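Peer 1: A predicted structure for the sequence below; I have some questions about it.
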Amino acid sequence: MKHTTTFASIVCVLILSVATAHAGVQVISERNEPGTATSKFKFKKIPSPSRTDAAANASFSIIGSRQDPNGAGVRVLHDGQAPGNNDEPSANFFFTQGAKGGRILLDLGKPTAVKQINTYSWHSQSRGPQVYKLYAAAGSEKGLNAKPQKNVTPDQAGWKLLASVDTRPKQGSPGGQYGVSVSDTAGKTIGTFRYLLFDVSQTQNQDIFGNTFFSEIDVDDGKSHKPPPTPKPETVSIADGCEIILDYTQMPELKDWINASLKPVCVKWYPIIVKMLAAKGIDAPKRFSITFRPNMRGVAATGGTRIYCAGRWFKQNLQGEAVGAVVHEMVHVAQQYRPVRGGRRNPSWMVEGLADYIRWFCYEPKSKRPRVNPARAKYTDSYRTTAAFMNYAVENYDKDIVRKFNAAMRQGKYAPELWKKYTGKTIDELWAEFIKTLPKR
């Protein structure tokens, strides 16, 4: 594999280091062009990302900015796992769109003799280069502010400037894979530090996509450290001997939200859903899984007893529709519609409408209930529209109609004639009646 290094970038970095950095510190920058870069992050002088460096068990946090919801949390900065390609948001940390950079605080837990600090990034365009000032503190400095906000200059808050880094090439496309190494010119330790502060700047301000895709930050103290344990799926016991397997191993940054918001709802509502859809001779699954996938598109999907959630969408909607979306998918687990010999194929609008009925008209608060546009809607529109139509039938004709429809669909016996059987009116007559109750837009 051919490796190329941007000489102009290295020269720029070294000049900055000599001018402003701690005496004896050198900064080396290497760049693999887009056509030569691989997930191994191989450079000539800079080591590849490590899982056993001193930062493996360190604490990372963000100061003065926010991470982009399309990217991963700070966990990816010290997991030793490199992105698979040059545009993989879920495998990189970067500040939110439009932010003028931000600060990343690394806490090693105790003063540590640091030999080398390495940072890695990879993107096909302007998010590839690295631009930051690196500060360090032992933790015992007089007047040290360990979390200086953007309006506080670190060197005026007890921090020592180690190096200034700018790997932007002088000419040509900035895309590529970058490695930066901060070390002592004589091969000794840079110093003994507990805290490292990366004051990160944008690579460009022509648009909102100027924040670097940071893939890893390593701290070498000359020792090999035990990497943090690999996360495992969590099994949660609920009522009636049921179990839920919560798998967020690929997205551990969702752990707090899952424990605080999602888990209590799943534990409470799955038994309710099962009871609402109960049918003689048919049992809902006692065990199912919910897996969060960082690269999945869409929102969520259910196959049998497996619920898959698109991590990127969920991260953007944790305070919005995320929990409700899982409630919808748990209905699909309980539905268990399977091919029945000689049976009809259930229409998708009924399947999704029933799930959304339980979500929007049983779980969600009334204030969030969907509003149907009478000028454009049809009962076959599925999801919220069909759910609202079902709710009309429940409130005005048969409070047990949802369970009845579910039982029929489980047996492959759904037919439009069932609406007349359950309500005394055809589905089209009911829809016309329902439309008249809706406010005009």
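Peer 2: Yep, that arrived. Residues are numbered from 1 along each chain as shown.

Peer 1: any weak-confidence spans in this structure?
Peer 2: Residues of the chain that meet the criterion pLDDT under 70 lie in 1-23, 441.

Peer 1: for it, what's the longest strand?
Peer 2: strand 102-114 (DSSP state E).

Peer 1: Note down every partner strand of it and its orientation.
Peer 2: strand 59-63 (antiparallel), strand 191-200 (antiparallel) (DSSP bridges).

Peer 1: how about the helices in the stretch 201-350 of the chain?
Peer 2: 255-257, 263-276, 311-316, 322-335, 348-358 (DSSP state H, counting those that start in this stretch).

Peer 1: Please identify which of those is closest to residue 243.
Peer 2: helix 263-276 (10.0 Å; C-beta to C-beta). To be clear about C-beta, it is placed using only N, CA and C from the backbone, and glycine gets the same treatment.

Peer 1: Please enumerate residues in contact with the closest one?
Peer 2: The contact list for helix 263-276, computed with C-beta atoms under 8 Å, 6 or more residues apart in numbering, reads 236, 238-240, 242, 244, 246, 284, 290, 323, 326-327, 330-331, 333-334, 358, 362-363, 402-403.

Peer 1: Identify each buried residue in that helix, please.
Peer 2: By 16 or more other C-beta atoms under 10 Å, the buried positions in helix 263-276 come out as 263, 266, 269, 270, 271, 272, 273, 274, 276.

Peer 1: by how many degrees do it and helix 322-335 diverge?
Peer 2: In terms of direction (axes from the mean of the first three to the mean of the last three C-alpha atoms, to 10 degrees), helix 263-276 departs from helix 322-335 by 30 degrees.

Peer 1: Helix 348-358 and helix 263-276, what's the angle between them?
Peer 2: Relative orientation of helix 263-276 and helix 348-358, computed by the same axes, to 10 degrees: 120 degrees.

Peer 1: what distance separates helix 263-276 from the centre of its chain?
Peer 2: Centre-to-centre, helix 263-276 and its host chain are 25 Å apart (C-alpha atoms, centre = their mean, to the nearest Å).

Peer 1: same question, stretch 348-366
Peer 2: Per C-alpha atoms, centre = their mean, the centroid offset for stretch 348-366 relative to its chain is 26 Å.

Peer 1: Surely residue 348 touches residue 383?
Peer 2: No - proximity of residue 348 to residue 383 does not meet the contact threshold set by C-beta atoms under 8 Å, at 9.9 Å.

Peer 1: So the two - more neighbours on which side?
Peer 2: The neighbour count for residue 348 versus residue 383, taken as other C-beta atoms under 10 Å, is higher for residue 383 (18 against 12).

Peer 1: For burial, what's the neighbour tally of residue 125?
Peer 2: Residues lying near residue 125 (other C-beta under 10 Å) number 18.

Peer 1: er, residue 185 I mean
Peer 2: 10.

Peer 1: For the residue lying closest to it once chain neighbours are set aside, grab phi and psi.
Peer 2: Nearest non-adjacent residue to residue 185, counting by C-beta to C-beta, 6 or more residues apart in numbering: residue 26, 4.8 Å away. Main-chain torsions, residue 26, degrees, to the nearest 10: phi -120, psi 150.

Peer 1: Residues touching stretch 66-77, excluding its own?
Peer 2: Identification of contacts with stretch 66-77 by C-beta under 8 Å, 6+ apart yields 55, 60-62, 89-97, 99, 102, 104, 211, 213-217, 251-253, 294, 312, 315-316.

Peer 1: if we can go back for a sec, ok now the longest strand of the chain, how far from the chain's centre?
Peer 2: With C-alpha atoms, centre = their mean, you get 25 Å for strand 102-114.

Peer 1: which element follows it toward the C-terminus?
Peer 2: strand 116-123 (DSSP states H and E).

Peer 1: Name every strand pairing with that following strand and say which way it goes.
Peer 2: strand 176-184 (antiparallel), strand 214-220 (antiparallel).

Peer 1: about what we covered before: only the buried residues of the longest strand of the chain, if you could.
Peer 2: 102, 103, 104, 105, 106, 107, 108, 112, 114.

Peer 1: of those, closest to residue 38?
Peer 2: Closest to residue 38, out of all of the buried residues of strand 102-114 and judged by C-beta to C-beta, is residue 104, at 25.2 Å.

Peer 1: Would you mind confirming that the closest one makes contact with residue 211?
Peer 2: No - look at residue 104 against residue 211 with C-beta under 8 Å: they stay out of range, at 11.6 Å.

Peer 1: Quickly list what's touching both of those two.
Peer 2: With C-beta under 8 Å, 6+ apart as the test, residue 104 and residue 211 both reach residue 200.

Peer 1: Break the chain into its domains for me.
Peer 2: Per automatic domain parsing, the domain ranges recorded for the chain read 7-220, 234-436.
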